[in-house]
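Student: predicted structure and sequence below. I'll ask about it afterward.
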Amino acid sequence: MMTDMLKVTDLKAAYGGIHALRGVSLKVDEGEIVAVLGANGAGKSTLLKCISGVMKVAGGSIEYLGKPIPKKPFEIVQAGLVQVPEGRQIFSKLTVEENLRLGAGLRADTTGMEEDYKRCYDLFPRLAERKKQYGGLLSGGEQQMLAIARGIMAHPKVMMFDEPSLGLAPVIIKEMFDVIKQINEEGTTVVLIEQNAQLALEFCDRAYILQTGKIVAEGRGEDLLKDESMIAAYLGE
């Protein structure tokens, strides 16, 4: 029987007087890849910010593993829910290795940390070649690899990816998604926000579609992909 890893109920959030989320409800089961799609300004990144604890919730609830999610961002990361942010947001003046060590900053299991360092370098051999190089000198694709690897170093149960394909060449996008798939197959539940709706729907198990802060459609990725009118109406493709 699948376990609800993440459950969002009637979630509301606002920037000043602008309502960014207007009662969003969704759930993510253990082992799933769940995509959240929508046009720019639909509320996708706001949703992840609320789940990650970096934005105040105006109403509703978020449960993680059947309990109210911790209040503070570092407690959420310690509990196993980790975000790979839009735009990578690596530390450009630190080396690859130092960025990874920061990702593991809340951990005390030395043996597990060393295993995850090896795992990151196995997943991304280019990072192993550049471990002493400053993050700011990496290519865009390499920085995205580093952002994902830094997330892995926190040893998550759930990884939330915010626009992992943004600004990347098609060959690098395929590599990123192959790695995300592998991470999922190794036991990590995945929440995916992605601008490329077709790619996301082909990739995910289930998807939710946001429009102006509300869920307007949900279902299996392959089923939503066949609904051309829905895609045209809500995703602009």
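Tutor: Noted; the coordinates are in hand.

Student: from here on, just use CA atoms for contacts and neighbour counts.
Tutor: Fine.

Student: using CSV, write out every CA atom in the lengthiest helix in the chain.
Tutor: When the chain is parsed with DSSP state H, its longest helix is helix 170-185. Extracted C-alpha coordinates of helix 170-185, given in CSV (Å, rounded to 0.1, in the frame of the first residue of the first chain):
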residue,chain,number,x,y,z
PRO,A,170,18.3,19.5,-25.3
VAL,A,171,21.2,17.0,-24.8
ILE,A,172,21.8,18.3,-21.2
ILE,A,173,18.0,18.3,-20.5
LYS,A,174,17.9,14.6,-21.4
GLU,A,175,20.8,13.9,-19.1
MET,A,176,19.2,15.8,-16.3
PHE,A,177,15.9,13.9,-16.7
ASP,A,178,17.7,10.5,-16.9
VAL,A,179,19.3,11.3,-13.6
ILE,A,180,16.0,12.4,-12.0
LYS,A,181,14.5,9.1,-13.2
GLN,A,182,17.4,7.2,-11.7
ILE,A,183,17.1,9.0,-8.4
ASN,A,184,13.4,8.1,-8.3
GLU,A,185,14.1,4.5,-9.2
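
Student: how far does that helix sit from its chain's centre?
Tutor: 13 Å (CA atoms, centre = their mean, to the nearest Å).

Student: next secondary structure element downstream of that helix?
Tutor: Toward the C-terminal end, the helix or strand that comes next after helix 170-185 (DSSP states H and E) is strand 189-193.

Student: so what touches that next one?
Tutor: The contact list for strand 189-193 (CA atoms under 8 Å, 6 or more residues apart in numbering) reads 5, 28-37, 44-45, 157-164, 184, 200.

Student: direction included, what does it pair against?
Tutor: Here strand 189-193 has these sheet partners by DSSP bridges: strand 33-37 (parallel), strand 158-162 (parallel).

Student: which one of these lies closest to residue 150?
Tutor: In terms of CA to CA, the element of these nearest to residue 150 is strand 158-162, at 11.2 Å.

Student: angle of the closest one against helix 170-185?
Tutor: Strand 158-162 and helix 170-185 are oriented at 160 degrees to each other (axes from the mean of the first three to the mean of the last three CA atoms, to 10 degrees).
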